[in-house]
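Enquirer: got a predicted structure plus its sequence, pasted below:
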Amino acid sequence: MTECSRLYRDLCAALAPGAGVGAVAAELSRVIAPVVPHDALRCGANSPSSGTGLSTLAFWHGYTADLGRELLRADRVRACVRDLARLAGQHLPVKVTLRRRPGLRDRLLDEHGAGEELCLALRSARGVWGVLCLMRAADRRPFDEADARRLAGVGPVLVAAFRTYVTASPASSAPPEPRPGMLIVGADSRIRTMTPQARPWLEALRVPLDVPQWLADCAFACLAVVAREQPRHLRLCVPSVGCGWWTTIEAQRLGDDGDVAVMIQRASGKALMPSFCDWYGVTARERQIMQHLYDGSAPKQIARVLDLSVYTVGDHLKALFRKTGTSGRDQLIASLNA
């Protein structure tokens, strides 16, 4: 067994379906530690279709809640989103983002005994999937170029493991979900108010994976930070890991006072399709066929519209069924519908 295949196997084992985010993060840290020794790990993943900088899956290990809140402060989140976009375009998508400088004190690092943090942009040919950050304590050796190169080798394998984690169960329709809910995040990054329907959603997104309350609160604060800088509304699609159904979280500015409205509901249909195709590795042609299938077209009609043979369309459909674990057209479409 090659080193990459062994690492992939171990990462998949760490990403155990149903385990809490803290337990998963601890296992990810244990698996990655022989490659790049560290004292704390944080990792966020998202489908490339949802854009760069926000995570729909987040795992933290070894960071205190106070340090986590500091790292997810509004100004740091804005800088992180910009840095991640730049980092992903580099030949070696790794950099030290927090560093102690000789003769200078850093309150954030001093208070938490942290040394520096090495961050890797998770990417593939499909786009940017998120970020992996490792931190060393103040009394540990600083990260060097050899650490950066070894960590870069983890990236493609971790992306593959995340995709296996999200798609481990066949795509299928799920039990009834709560009714759509809305909440308002104020300029101070706190949830100011919410509809009664929003509370079941917050519990459904947090409880099954035992997401810490501070991390759940920071997630919506980060969402609001990015939404304030978007010309149009922001949409994230959260995989079905945990609650059993795919979830759409949309955020949009409310005027100029800093308030952001966040709508949470089940993801379905064409709103789900971009992220669904990312996670399941659906090709551009397969997605075209799936869209026509969703609109009610028969294979013969799809072949005529796309100027393909019926046999070629059939081959693409077989690939779709294999990738999504569905048994036929009806089950595939049902997996996209609420």
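Expert: Happy to help now that I have it.
Enquirer: now do the strands in the stretch 201-338 of the chain.
Expert: All strands of the stretch 201-338 of the chain, identified by DSSP state E, counting those that start in this stretch, fall at 234-238, 247-253, 260-266.
Enquirer: now distance to Gly153 too, for the ones you listed, in TSV please.
Expert: All C-beta atoms are positioned from the backbone trio N, CA, C, and that covers glycine. Shown next, in TSV, are the strands of the stretch 201-338 of the chain (distance: least, CB to CB, whole Å):
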stretch	distance to Gly153
strand 234-238	29
strand 247-253	32
strand 260-266	37
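Enquirer: in JSON lines, list those along with mean pLDDT.
Expert: Conversion of the strands of the stretch 201-338 of the chain to JSON lines gives the following (pLDDT from 0 to 100):
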{"stretch": "strand 234-238", "mean pLDDT": "91"}
{"stretch": "strand 247-253", "mean pLDDT": "93"}
{"stretch": "strand 260-266", "mean pLDDT": "95"}
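Enquirer: low-scoring stretches of this protein, by residue?
Expert: In the predicted model, the chain carries pLDDT under 70 at residues 1, 99-110, 170-175, 338.
Enquirer: grab the longest helix from it for me.
Expert: helix 145-166 (DSSP state H).
Enquirer: buried stuff in that helix?
Expert: Going by neighbour count (16 or more other CB atoms under 10 Å), the buried part of helix 145-166 is 147-148, 151-152, 154-163, 165-166.
Enquirer: the residues you listed: which two are farthest apart?
Expert: Greatest spacing in the buried residues of helix 145-166, by CB to CB: Asp147 and Val166 (28.2 Å).
Enquirer: could you chop this structure up by domain?
Expert: For the chain, the structural domains run 3-166, 181-269, 282-336, going by automatic domain parsing.
Enquirer: reformat these as a markdown table; add distance to Phe276.
Expert: Listed next are the domains of the chain as a markdown table, based on distance: least, CB to CB, whole Å:
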| stretch | distance to Phe276 |
| --- | --- |
| domain 3-166 | 8 |
| domain 181-269 | 7 |
| domain 282-336 | 7 |
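Enquirer: out of the strands of the stretch 201-338 of the chain, flag the one nearest Cys4.
Expert: strand 234-238 (28.6 Å).
Enquirer: run through who's touching the closest one.
Expert: Here strand 234-238 makes contact (CB atoms under 8 Å, 6 or more residues apart in numbering) with 46-47, 49-51, 54, 56, 205, 223, 226-227, 246-252, 267, 271-272, 274-276.
Enquirer: tell me the angle that strand makes with strand 247-253.
Expert: With axes from the mean of the first three to the mean of the last three CA atoms, to 10 degrees applied, the angle from strand 234-238 to strand 247-253 works out at 160 degrees.
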